[in-house]
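Engineer: just coords:
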């Protein structure tokens with residue numbers, strides 16, 4: 001295996017066209033998105049966008065455990081703390097968020113089909129890469145989540161845009177709880193387009209290469225994926241989000257964050273899936289819950305570019321304010337799982353403190 005963080009291949013296909021293949025190559029870290037990965041991806045994608053012989057792009061993760069488990073938050077922690085001034089911003093942290101969001105936007109607006117093989121864990125920054133694909137595949141092993149509220153952050157990488165486009169208030173619910181989704185859940189909320197068993201990956205790629213994509217590459221890729229999806233229905237899991245949709249709507253029906261969180265906290269049912277989601281809210285950073293609530297509602301009618309602009313400001317301020325650093329410390333550095341949040345509970349959160357993240 002190469003030590004290069006991202007591997008690129010060009011496969012010659014039927015009719016002479018080429019498929020550009022990207023493999024996130026950090027299996028030991030579950031392909032966590034690093035600044036080096038981002039800096040390698042951006043120019044290669046630009047080259048393929050301008051190469052008339054390249055008809056489509058395929059993005060996957062190395063190994064069978066994860067497409068991408070998120071951004072390299074340990075590196076971000078160093079950028080927040082190594083200067084000796086808690087909460088100070090360094091160029092590495094700023095550069096990571098600026099370049100990460102530019103990469104995500106580049107994928108969203110890519111002028112050719114982008115097939116994402118979203119097998120295994122897809123979280124945070126990995127979901128930012130996957131969300132922009134034109135043909136997003138999930139498998140029986142896919143586990144997707146935006147768990148940022150557990151580490152003092154907020155759902156970013158375009159989440160203000162794609163969470164608002166989910167059925168009802170499922171996007172609000174997912175951001176508050178960080179509850180993981182399976183493949184059927186991802187299809188239900190629009191984060192994936194096709195379910196195909198993971199064992200079919202090489203066959204799917206071979207079928208795409210055998211298809212002449214020069215005339216209509218989007219339709220051609222869809223035709224191949226549709227054919228393989230029909231053969232994998234037996235392995236598709238049930239969607240907990242679809243099953244609990246009405247309950248989620250009721251629990252998130254409130255005029256304030258406090259009201260919705262109270263609804264979740266007083267859930268009196270015995271459904272194990274919902275009980276786990278409620279427990280996640282109880283452990284989350286109150287600041288993060290407030291950031292998600294405000295960003296989600298402010299972004300309801302914004303364009304994708306406007307959302308990324310706001311998220312860049314939020315994330316740069318998150319590097320300075322200390323809540324994010326404390327969440328990463330508790331979960332991944334000291335691993336004591338006892339974060340000392342800036343506010344002990346939601347009732348004590350200062351609205352002026354939250355507003356500083358948006359300034």
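Structural biologist: Nice, I can see it. Keep in mind it's a predicted model, so treat the numbers as computed, not measured. Numbering: from 1, shown residues only.

Engineer: Show me which positions of the strand or helix carrying residue 248 end up buried.
Structural biologist: Here residue 248, judged by DSSP states H and E, is contained in helix 245-251. Residues 245, 248, 251 are the ones in helix 245-251 that count as buried (16 or more other Cβ atoms under 10 Å). C-beta: built from backbone N, CA, C; applies to glycine.

Engineer: Also stretch 34-45?
Structural biologist: Buried residues in stretch 34-45, defined by neighbour count with 16+ other Cβ under 10 Å: 34, 35, 37, 38, 40, 41, 45.

Engineer: wait, doesn't residue 203 sit right on residue 228?
Structural biologist: Yes - using Cβ atoms under 8 Å, residue 203 is in contact with residue 228, at 7.1 Å.

Engineer: ok, now which ones touch the residue nearest the centre of the chain?
Structural biologist: Computing the C-alpha centroid of the chain and ranking residues by Cα atoms, centre = their mean puts residue 127 first, at 2.1 Å. By Cβ atoms under 8 Å, 6 or more residues apart in numbering, the residues touching residue 127 are 144, 145, 146, 157, 159, 191.

Engineer: The last one - that's part of a strand, no?
Structural biologist: No - under DSSP: H, G, I helix; E, B strand; the rest coil, residue 191 falls outside any strand and is assigned coil.

Engineer: And it, how far from residue 77?
Structural biologist: Plainly put, residue 191 is 27 Å away from residue 77 if you go by Cβ to Cβ, to the nearest Å.

Engineer: likewise the second one?
Structural biologist: Residue 145 is 20 Å from residue 77, where distance means Cβ to Cβ.

Engineer: so where do the strands sit in the stretch 201-350 of the chain?
Structural biologist: In the stretch 201-350 of the chain, no segments count as strands under DSSP state E, counting those that start in this stretch.

Engineer: mind listing the helices for it?
Structural biologist: Here the stretch 201-350 of the chain has its helices, by DSSP state H, counting those that start in this stretch, at 201-210, 217-230, 240-243, 245-251, 257-265, 272-283, 286-298, 304-321, 323-328.

Engineer: can you list contacts of the first one?
Structural biologist: Read it as helix 201-210. Helix 201-210 is contacted by residues 11, 13-14, 19, 21, 56, 58, 60, 115, 117, 119, 137, 196, 220-221, 224-225, 227-228 when judged by Cβ under 8 Å, 6+ apart.

Engineer: Quick check: ChimeraX command selecting the buried ones in those.
Structural biologist: Those of the contacts of helix 201-210 that count as buried under 16+ other Cβ under 10 Å are selected in ChimeraX with:
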select :13,19,21,56,58,60,115,117,119,137,196,220,221,224,225,228
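
Engineer: nearest spatial neighbour of residue 112, skipping sequence neighbours?
Structural biologist: Excluding the flanking residues, the one nearest residue 112 by Cβ to Cβ, 6 or more residues apart in numbering is residue 56, at 5.6 Å.

Engineer: Shouldn't that neighbour be within a helix?
Structural biologist: No - Residue 56: not assigned to a helix; according to three-state DSSP it is strand.

Engineer: Report the inter-axis angle for the lowest-mean-pLDDT helix or strand in the chain versus helix 304-321.
Structural biologist: Sorted by mean pLDDT, DSSP states H and E, the helices and strands of the chain end with helix 73-81, the least confident at a mean of 89. Per axes from the mean of the first three to the mean of the last three Cα atoms, to 10 degrees, the angle that helix 73-81 makes with helix 304-321 is 60 degrees.

Engineer: After helix 73-81, which helix or strand is next?
Structural biologist: Stepping forward along the backbone from helix 73-81, the first helix or strand reached (DSSP H and E) is helix 91-108.

Engineer: neighbouring contacts of that following helix?
Structural biologist: The set of residues external to helix 91-108 that reach it, using Cβ under 8 Å, 6+ apart, is 33, 35, 38-39, 41-42, 45-46, 71-72, 75-76, 78-80, 114, 125, 128-129, 131-133, 157-158, 304-305, 308, 311-312, 315-316, 319.

Engineer: Buried among these? Need that as a selection in PyMOL.
Structural biologist: Those of the contacts of helix 91-108 that count as buried under 16+ other Cβ under 10 Å are selected in PyMOL with:
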select buried, resi 33+35+38+41+45+71+72+75+76+78+79+80+114+125+128+129+131+132+133+157+158+304+308+311+312+315+319
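
Engineer: out of residue 191 and residue 77, which sits in the busier spot?
Structural biologist: A side-by-side neighbour count of residue 191 and residue 77, using other Cβ atoms under 10 Å, places residue 191 first with 26 against 20.

Engineer: Find me the pLDDT at that one, would you?
Structural biologist: Confidence at residue 191, expressed as pLDDT, is 98.

Engineer: which phi and psi does it have?
Structural biologist: When quoted as degrees, to the nearest 10, the phi and psi of residue 191 stand at phi -90, psi -10.

Engineer: Pull the contacting residues for the nearest residue to residue 169 once chain neighbours are set aside.
Structural biologist: The spatially closest residue to residue 169, leaving aside those adjacent along the chain, is residue 252, at 4.1 Å (Cβ to Cβ, 6+ apart). Shown in contact with residue 252 (Cβ under 8 Å, 6+ apart): 169, 172, 173, 176, 260, 263, 264.

Engineer: let's see it at 7 Å
Structural biologist: For residue 252, the contact set (Cβ atoms under 7 Å, 6 or more residues apart in numbering) comprises 169, 172, 173, 260.

Engineer: who wins for most neighbours among these?
Structural biologist: Neighbour counts for those (other Cβ under 10 Å) peak at residue 173, which has 25 neighbours.
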